[in-house]
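1. When you get a sec, could you give me coordinates for this:
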Amino acid sequence: MIINFYCTFAPQKEFTQSDMACILHIETSTHVCSVAVSEDAHVIFDKADMEGPNHASVCGPYVEEALSFAESHAIPLDAVAVSEGPGSYTGLRIGVSMGKGVAYGRQVPLLMVPTLKVLSVPVLLYHDELPDEALFVPMLDARRMEVYAAVYDRALREVRPVGADIVDADTYRPWLEQGPVCFFGPGAEKCKAVIQHPNAIFIDQIHPLAKHMQPLAEQALAKGEVADVAYCEPFYLKDFVATKPKKIEMLKH
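-> So this is what the prediction gives:
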């Protein structure tokens, strides 16, 4: 199963150095904070905190533990991959900043991996029951009935680019009328009540995790899609809007 998936994502050209690459993966786009290490297309270290958001306190120790694991096995680091967004503004800042620091300090390439594609990896890996023609709509939760979502085919080619969607019964109707559409991710649960088309398929408990970044990061490294450590930024999608705590507002009145 993993072999088939990896071949689906492999670039057209043959691997060179990335064939045996050791990559540190950092994923902090949601309340989950996770870190993984892969070598030669296999995940050899994986740690995740599902109780968050605790990114500020656990991301650093997880990264340190992952690097120590690699060093204790005499495995040199070849690249750092970070989940670039969209997602939590604070979470993305922490993850990308951590990735930049390690990449700069170790003098290795930095890879920016789209979060919604990371979210799609476990669906491709573990859900053989889905129709071959099914489209994928990974969803990250935003405010109220808003989600960050994209529409992909099974090869994770964009059918519709990433956007901030206000979800109602008609939001994804053009694709639902054509065939099965699979909805999943932290934003999908709240959409079940309004997307009741017979072609809608919902998969629960899918989160973006560092261990699922491996095939996408390997592909980016093989293609030479390396980020500029000095200037790259997370893909926030929407500008951050600061809000004042309710207690402060109450004190003003």
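2. Every contact and neighbour count from this point should use C-alpha atoms.
-> Fine.
3. Quick one: the helices in the stretch 1-150 of the chain, in order.
-> Counting by DSSP state H, counting those that start in this stretch, the stretch 1-150 of the chain has helices at residues 2-9, 55-72, 89-106, 115-126.
4. With respect to residue 26, which of those lies nearest?
-> Between residue 26 and the helices of the stretch 1-150 of the chain, the shortest gap by Cα to Cα is with helix 89-106, which sits at 6.2 Å.
5. and the angle from the closest one to helix 55-72?
-> Here helix 89-106 runs at an angle of 30 degrees relative to helix 55-72 (axes from the mean of the first three to the mean of the last three Cα atoms, to 10 degrees).
6. follow-up on the earlier one: JSON lines for the helices of the stretch 1-150 of the chain, including mean neighbour count?
-> Output for the helices of the stretch 1-150 of the chain, formatted as JSON lines (neighbours: other Cα atoms under 10 Å):
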{"stretch": "helix 2-9", "mean neighbour count": "13"}
{"stretch": "helix 55-72", "mean neighbour count": "16"}
{"stretch": "helix 89-106", "mean neighbour count": "20"}
{"stretch": "helix 115-126", "mean neighbour count": "21"}
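7. Make CSV out of those and add mean pLDDT.
-> Compiled in CSV, the helices of the stretch 1-150 of the chain are given as follows (pLDDT from 0 to 100):
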stretch, mean pLDDT
helix 2-9, 37
helix 55-72, 97
helix 89-106, 97
helix 115-126, 97
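8. quick one: which of the ones you listed is nearest residue 223?
-> helix 2-9 (11.6 Å).
9. these two touch, right, residue 147 and residue 166?
-> Yes - using Cα atoms under 8 Å as the test, residue 147 is close enough to residue 166 to be in contact (6.7 Å).
10. Mind checking which of those two has more residues around it?
-> Using other Cα atoms under 10 Å, the more surrounded residue of residue 147 and residue 166 is residue 147, with 23 against 13.
11. For that one, report the pLDDT, please.
-> Taken from the predicted model, the pLDDT recorded for residue 147 is 97.
12. need the contact list for it.
-> The contact partners of residue 147, by Cα atoms under 8 Å, 6 or more residues apart in numbering, come to 139, 140, 141, 164, 165, 166, 167, 187.
13. Quick check: it vs residue 87, distance?
-> With distances taken as Cα to Cα, to the nearest Å, residue 147 is found 10 Å from residue 87.
14. Got the domain ranges for this protein?
-> Under the assignment automatic domain parsing, the domains of the chain span 2-115+208-222, 129-203.
15. averaging pLDDT over each of the ones you listed, which comes out lowest?
-> When the domains of the chain are compared on mean pLDDT, domain 2-115+208-222 scores lowest, with a mean of 89.
16. quick one: contacts for residue 109?
-> Taking Cα under 8 Å, 6+ apart as the criterion, residue 109 is in contact with 78, 79, 80, 103, 226, 227.
17. From those residues, which land in strands?
-> The subset of the contacts of residue 109 located in strands under the criterion DSSP state E comprises 79, 80.
18. Which one (most neighbours) among the contacts of residue 109?
-> With neighbours taken as other Cα under 10 Å, the top of those is residue 80, carrying 28 neighbours.
19. My guess is that residue contacts residue 107. True?
-> No - here residue 80 lies out of contact with residue 107, judged by Cα under 8 Å, at a distance of 10.0 Å.
20. most tightly surrounded among the domains of the chain?
-> Of all the domains of the chain, domain 2-115+208-222 carries the top mean neighbour count, a mean of 20, counting by mean count of other Cα atoms under 10 Å.
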